[in-house]
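1. Okay, predicted coordinates and the sequence, questions at the end:
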Amino acid sequence: MMDTCFNCGEFRPDKAIEPGGPYAVCPVCSYKHLFRQLPLFAICGPSGAGKSAIGQMLLANVPGAIVLEGDLLWNEAYNTPGDNYRSFYETWLRLAKNISQSGKPVVLLSAGALPANLEPCVQRRYFTQIHYCALVCDDAVIAARLRQRPEWRNTTAPSFMERNRAFNNWLKANGQKSSPEIMLMDTSTEAPQSTKEKVLRWIGSRLEPT
């Protein structure tokens, strides 16, 4: 919707943003489109850290935002680690941008929703800020949770378990050094309800007044 200029009809997601409106300014005809520029909330983390469980608990419980699961749009065409899954996250940001025009920001739960993957996107310019949170836990807890999953999910494959263990440790070592910073929430011993309440407080403290 917003990527096509309402004046000249050109498809240009790379519009300049003027904060005074804010306006998205077409680089072809200079038409200024008034839009809502809201924050985005990105919750990442390895498999087994609790994203899906917390996401289910957040549904319909965040009155000021829309909660969406990143895997809703996933297919193998997006499996491009060489460019940080650029098409996948451009698509998600474009969708979140359009949802934001209803007046509510999006909370996106996606394993790889990291600054390195989101901040370089063309669609990033349409958000005031992206707030990052990572769910992490002890390696032994991740391994135990992955072993408890149904066999069809194939989460006990050694390569899968090692990849998620490494990602978990990378987040713990580097998340708070990242720019923007990734807030870490350890779910090792927390009950899901407790983690949900922490996430709700994190979102609520960063919601911008409408």
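-> Sure thing, it's come through.
2. immediately after the host helix or strand of Phe160, which helix or strand?
-> Assigned by DSSP states H and E, Phe160 belongs to helix 158-174. Going down the chain from helix 158-174, the next helix or strand is strand 182-186, by DSSP H and E.
3. What pairs with that following strand, parallel or antiparallel?
-> Sheet neighbours of strand 182-186, with direction, are listed as strand 130-136 (parallel) (DSSP bridges).
4. Can I get the strand it pairs with in CSV, CA atoms only?
-> What follows is strand 130-136 as a C-alpha-only set of coordinates in CSV (Å, rounded to 0.1, in the frame of the first residue of the first chain):
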residue,chain,number,x,y,z
ILE,A,130,13.1,-1.1,16.8
HIS,A,131,13.2,-2.4,20.3
TYR,A,132,15.0,-5.7,20.6
CYS,A,133,14.6,-8.5,23.2
ALA,A,134,16.1,-12.0,23.2
LEU,A,135,14.9,-14.9,25.2
VAL,A,136,17.9,-17.1,26.3
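5. ok now the next helix or strand after it, how far from the chain's centre?
-> In the C-terminal direction, the helix or strand that comes right after strand 130-136 (DSSP H and E) is helix 139-147. The chain centre lies 23 Å from the centre of helix 139-147; the measure is CA atoms, centre = their mean, to the nearest Å.
6. Verify the stated contact: Gly204 with Gly64.
-> Yes - using CB atoms under 8 Å as the test, Gly204 is close enough to Gly64 to be in contact (7.2 Å). Just so you know, the C-beta spots here come from the backbone N, C-alpha and C atoms, and that holds for glycine as well.
7. Show me what the helix holding Phe160 is packed against.
-> The criterion is 3 or more CB pairs under 8 Å, 6 or more residues apart in numbering; DSSP states H and E, and the helices and strands that helix 158-174 contacts are strand 130-136, helix 139-147, strand 182-186.
8. Run through the residues that contact the closest residue to Ser100 other than its chain neighbours.
-> Residue nearest to Ser100 in three dimensions, not counting chain neighbours: Leu38, with 4.4 Å by CB to CB, 6 or more residues apart in numbering. Applying CB atoms under 8 Å, 6 or more residues apart in numbering, one finds that Leu38 lies in contact with 100, 103-105, 127-128, 208.
9. Tell me the one among those nearest to Thr4.
-> Ser100 (17.0 Å; CB to CB).
10. okay, now that closest one: neighbour count?
-> Burial of Ser100 is recorded as 23 neighbouring residues (other CB atoms under 10 Å).
11. for it, phi and psi?
-> The phi/psi pair for Ser100 (degrees, to the nearest 10) reads phi -60, psi -20.
12. if I read this right, it contacts Leu108, doesn't it?
-> No - assessed by CB under 8 Å, Ser100 is found out of contact with Leu108, at 11.7 Å.
13. Can you list the residue ranges for helices in this protein?
-> When secondary structure is read from DSSP state H, the chain shows helices at 51-58, 86-100, 115-118, 139-147, 158-174, 192-206.
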